[in-house]
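Asks: Fold the following.
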Amino acid sequence: MPRPCKSRRICAMPETVCFGPKRSCAAHPSEGISQEAVIMTLDEYETIRLIDFIGCTQEETAVSMGVARTTVQAIYESARRKLANALCLGRELRIGGGNYFLCEGRSQGCRCPRCRKEVTE
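Replies: Prediction:
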């Protein structure tokens with residue numbers, strides 16, 4: 001029996017959960033390519049936010065999310081593959097779902113503004 005998946009802590013919900021190409025601007029519509037949306041989970045979004053936007057290392061991201069560094073590496077690779085798929089194939093990207101819990105603003109090693117405020121006070 002496989003081990004149950006551990007919930008990942010996320011510190012920020014995305015402001016926008018749907019991205020996609022403007023169909024009216026498409027000069028050459030793709031033929032033969034399915035236009036299904038690419039679904040990125042919230043924990044994948046969080047790894048992209050922490051590593052690429054904030055500039056954290058995978059180790060710092062692992063502490064922030066409450067998982068192992070190898071787990072972060074796997075989540076990050078999956079997220080990058082989904083971003084590339086959406087960009088290269090012109091598909092819609094939707095963010096939602098996954099096995100996560102929202103940070104309450106009191107977590108050790110967290111990178112959200114709520115947690116940093118408590119540390120500095």
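
Asks: and Ile75, how many neighbours does it have?
Replies: Neighbour count for Ile75, taken as other Cβ atoms under 10 Å: 25. Glycine gets a C-beta too; all of them are placed from N, C-alpha and C.

Asks: hang on, I meant Cys18
Replies: 11.

Asks: just checking, it touches Leu93?
Replies: Yes - using Cβ atoms under 8 Å, Cys18 is in contact with Leu93, at 7.3 Å.

Asks: Please enumerate the strands of this protein.
Replies: For the chain, applying DSSP state E gives strands covering 8-10, 18-19, 38-40, 93-95, 100-102.

Asks: Quick one: mean pLDDT over the shortest one.
Replies: Read it as strand 18-19. What strand 18-19 shows for mean pLDDT is 90.

Asks: and what of stretch 54-63?
Replies: Stretch 54-63 comes out at a mean pLDDT of 94.

Asks: who's in contact with Leu102?
Replies: Neighbour list for Leu102: Arg9, Ile10, Cys11, Met13 [criterion: Cβ atoms under 8 Å, 6 or more residues apart in numbering].
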